Structures are given as structure tokens and as C-alpha cells.
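J.: With the input below, show me the fold.
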Amino acid sequence: MYMQMDSIKRSWFHRKLFKEHLFEFREPEFNVFIDFLPDFQVGRSNRDKTLWLNTRGARIQANIGKKFYFESSFYENQGVFPAYIDSFVAKRRVIPGQGEIKYNDKIGKAYDFAYVNALLSYTPSKYLNFTLGYGTNSFGDGYRSLILSDIGFSYPYLRITGTLGQFQYTSMWAQFIDQQGLSFGQAYEGIGYPKKWGVFHFLDWNVSKKLTIGVYDAVIWPDTDTAGRKRGFDWSYMNPIIFLRPAEYSAGSSDNSMLGLNVKYKLVPKTTLYGQFMIDEFKIKEMLSSEGWWGNKWSTQLGFRSFDLFKVPKLDLQGEFNISRPYTYSYSNTRTNYAHYNQSLAHPMGANFKELLGIASYTYKRWYVRGQLTFANYGLDYDQTTSYGQDIFKPYTDRKGEYDNRIGQGLKTDFFYGQGTLAFVLNPKYNLRLELSAAARQEKNELETRREFIFSFGLRSTFRQFYYDF
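T.: From the prediction side, this is the model:
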């Protein structure tokens, strides 16, 4: 009897560790899945620094029939990060992609932070979907997105997507945080961080089985006007029709508007070319003059993805080239720039850069291998008084000049990042895995060279994507 009970216990433990969700409730009309999501890592940096991360997370997923889907997750974290992340936190007061830090004397120099995500989706028909969420969104086919990226912290949003034949149309409204608007600690005195709002429209057209073309527009506006009066949500932007420039003018505002293009082409059955072009501001006359007018603000991307390379199943390769002109995504103030919670809504490097990256990955049964190389060149600021266009949180009114603005201007800096990962997936249901990782980072210019080598090992889970490659 004892041996039989012991066998049952081992069987249950084996299923939960390797095959199933922690809790599963399957009924004809609904399904509920609950998981504990640990992320325990320990590592070392060549800066004589021991690195560690202690994350306890939980996620619940549920669907009611075929029309309703719900998901929510919570993460409580403490950790010690590499030196370059420390520099980012000292400047921005947030962990990349994970929100604001708290100081806890009990854990010394480690950061303490927490965050939540939630999503409620309703699909009344195959033509229409409503999603109310607190999280991030990304539009595009690349590793980076120059239109709207998921690199940042969560925010509340309402997204409506309609599909009809070859067309898919999305309207989204979101609320963002201008963390630069108050000094550290003021938000906890009952003031709260200033808010700003955004509206986004995306229209995708499947021209053929190989070609997809998408156009987009976006407007960011502050919660208060220049006199400090409450403006709130501007109902003139509730119009779901794409291209809102007329609505912006009719509102008598100078809100931050953008236009973009997204293209995807299936070159061969398992290789796809993709690209983006985003315009923040421009004048055709100045664009054609090639004199480097500061207001010619745009970003562009070109990349490819290949699957089952050399006919090897699950051997994938991706290459991508990104460019962003100086002052793109910036504005005259942080209340209206293209950012949320002290992080860009597009590329983590801000603007004024060129970037080339490659990613290769291979999956064999439960083994997973991934490698990444990133090379970039960008121009930093020499001091706090003049902006050369890379820091999108500096007002473009502090620009170096009206003309002769070139990509990479300022303190010319070469960047390299290489990272390799080897993982064994214990449970694919919630991506529980043992992971070994090594990374090298270098940032070099005429003033200094910063190098850091990082090694880590851990028990990790969840499908979260963090972008530390900047």
C-alpha cells in the first residue's frame, strides 16, 4: 500500500514538473490554468560583482467558451544586475521593461521591484475582437519595432481589431506615464506621475499570399496643457479612422503625431523579408535638400527571417538593420515625447543610431540554443546643455543647430553586444527551463571604453521578453 501511494505521488509530481500546469480545470464551457512562475538566477560579472535574481511570479489563464479569454500575472522581484544596467537605473529610475525600483535596506544594494500584467479579450465573431489590457504591444515583424515596441513597462490600453477578407484594421487607445515630470519621491506625496495619452491605428492589407503592406499613424498628447490645466482624454481622437492629422489640427493642438509603413514579403516558403519606415516629422523640401535639417525625423528597418535553415527543422536565422535620425521620437517636452515610464515606445537606443544584428536559434526536443550579435554606432551628448539627438528625453529645442544634423553626430560611440544561451526545457506549458547564459558588452568612444562580461545560470520560466541588449 505504501509503495502504491508513493508511486502515485511521484507520478503527480512528474506530471506537474514536466508536462502540466500547476492547476488545471477543464470543463466543457471553460478552462482555467494556474502556474507558479519562478525566475531564480545567479551569475558573475567581470566587474567583481555577483549577480542574482529572485523572482516569484504567478499567472492565471482562463477562457469561457470561444468568445472570452482572460489572463493575469504578477511578479515580485529582487535582484543585483550588471553595471551597465545599474547606470541605466541611476539615470531612468526603472528596471528595463519592469518598472520603478524600490529601495529595501534588508537586501542591501539589490533592487526591489514588482509589476503586474492583465488582459481581457472578447471575440464576438471571427470579424471582430475587443481587448482591454494592462501590458505592452508590438507591431511589426522584426526583433525590433520602430513603430511600437514591447521593450517598456506595462500600460493600460483598449484595442479593437476588425478583420474582413484581405484587410485587418486595429485601433488602440492607451495611457502612458511621464516619469520625468516629477522628481524622485514626489509621486508618493499624493501627487502622482503626470499622464499622457496615445492613439494608434494600423491597417494591414494582404495583397497576395506573399506580400503584406501595413500603414499606421499615432498621436501622443499630454494630460495637461502648457498652462497646467487638466486636458485629460481628448475625445476628438476617438475617431477610429486612420490618419488623424486633421483631428489634431481641429483640436487646436501641436500634439506629437507620426506616420509609418510596414511591409512583409515571403521570398521563398521559409524565408521572409520585412521592413518599416516611420516618419516623426518632415518637410519634403528639406528632405530633398540633403542639408540635414533637424526636423527630418525618421526611422527605417530592413530584415529577414529564415526557418528550418538548410532543411534542418527548427534551425532559424534572423538578420536586421535599423536606422534612426537624430531627434526622432523626441519632443519639446517629455509630456509629449514617444516614451512611457522613462523608456522609449520604439527602440531601446532612442534615436541617432545605426544598428545591425543577427540572431540564430535551434531547438532539438527539449534543448534550446540561441546566439545573438549586435553592432551599433550612435552619437551621445557631450554634456547636459546640448542635445545631439540620441536621448529622446531631452527637448529638441536644445538641438545643436538647424542644419547639418547627421546620423551618429555627437560623441561617436561604437557598441557591441554578444549573447549565447543554452537551455533545457523542463515544462513547455509555462516554459520552465534550466538556462546557462553568457554575454559580452562593449561601448567605446574617445572618452572611455566600457566592457562587461556576464555569466549566469538559473531556473527560469514564463514567456516574458526582456531587452537588455542596449
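J.: which SS class is the nearest residue to E291 once chain neighbours are set aside?
T.: Distance criterion CB to CB, 6 or more residues apart in numbering; nearest residue to E291, sequence neighbours excluded, is Y403 at 5.0 Å. Every C-beta, even on glycine, is put in place using the N, C-alpha and C of the backbone. For Y403, the reduced secondary structure class is coil; criterion used: DSSP: H, G, I helix; E, B strand; the rest coil.
J.: quick one, what contacts Y403?
T.: In this structure, Y403 makes contact with E291, G292, W293, W294, judged by CB atoms under 8 Å, 6 or more residues apart in numbering.
J.: Among the residues you listed, which one lies nearest to F304?
T.: The shortest separation between F304 and any of the contacts of Y403 is 30.1 Å, and it belongs to G292 (by CB to CB).
J.: Would you mind measuring from that closest one to L37?
T.: Distance, G292 to L37, using CB to CB, to the nearest Å: 48 Å.
J.: And these two? Which one has more around it.
T.: Higher neighbour count among G292 and L37: L37, with 21 against 17, using other CB atoms under 10 Å.
J.: residues making contact with stretch 269-278?
T.: For stretch 269-278, the surrounding residues in contact (CB under 8 Å, 6+ apart) are 140-142, 145-147, 258-267, 298-308, 328, 346.
J.: Among the residues you listed, which ones are in helices?
T.: Counting by DSSP state H, those place none of their members in helices.
J.: PyMOL command for the buried members of these?
T.: Buried members of the contacts of stretch 269-278 can be picked out in PyMOL with the line below, counting by 16 or more other CB atoms under 10 Å:
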select buried, resi 140+141+142+145+146+147+258+259+260+262+263+264+265+298+299+300+301+302+303+304+305+306+328+346
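J.: Where strands are concerned, which of the contacts of stretch 269-278 count?
T.: Among the contacts of stretch 269-278, the ones falling in strands (DSSP state E) are 258-267, 298-306.
J.: Point out where this structure drops to low pLDDT.
T.: Residues of the chain that meet the criterion pLDDT under 70 lie in 1-10, 104-108, 181-191, 226-227, 242-253.
J.: So which elements touch the helix or strand containing N63?
T.: Remark: N63 resides in strand 49-64, with elements defined by DSSP states H and E. Using 3 or more CB pairs under 8 Å, 6 or more residues apart in numbering; DSSP states H and E as the contact test, the elements touching strand 49-64 are strand 30-45, strand 68-80, strand 449-460.
J.: how far away is the residue nearest to M258 when sequence neighbours are not counted from G162?
T.: Nearest in space to M258, with sequence neighbours left out and distances taken as CB to CB, 6+ apart, is A218 at 4.7 Å. A218 sits 18 Å away from G162, taking CB to CB as the criterion.
J.: Those two - which one has more neighbours?
T.: Applying other CB under 10 Å to A218 and G162 shows that A218 carries more neighbours, namely 24 against 14.
J.: Is the more buried one in a helix, a strand, or coil?
T.: Put simply, A218 is strand when judged by three-state DSSP.
J.: was I right about it contacting V199?
T.: Yes - under the criterion of CB atoms under 8 Å, A218 is in contact with V199, at a separation of 6.8 Å.
J.: Strands of the stretch 101-250 of the chain, start to end?
T.: Listed in chain order, the strands of the stretch 101-250 of the chain (DSSP state E, counting those that start in this stretch) span 111-125, 128-135, 155-164, 167-177, 195-206, 211-222.
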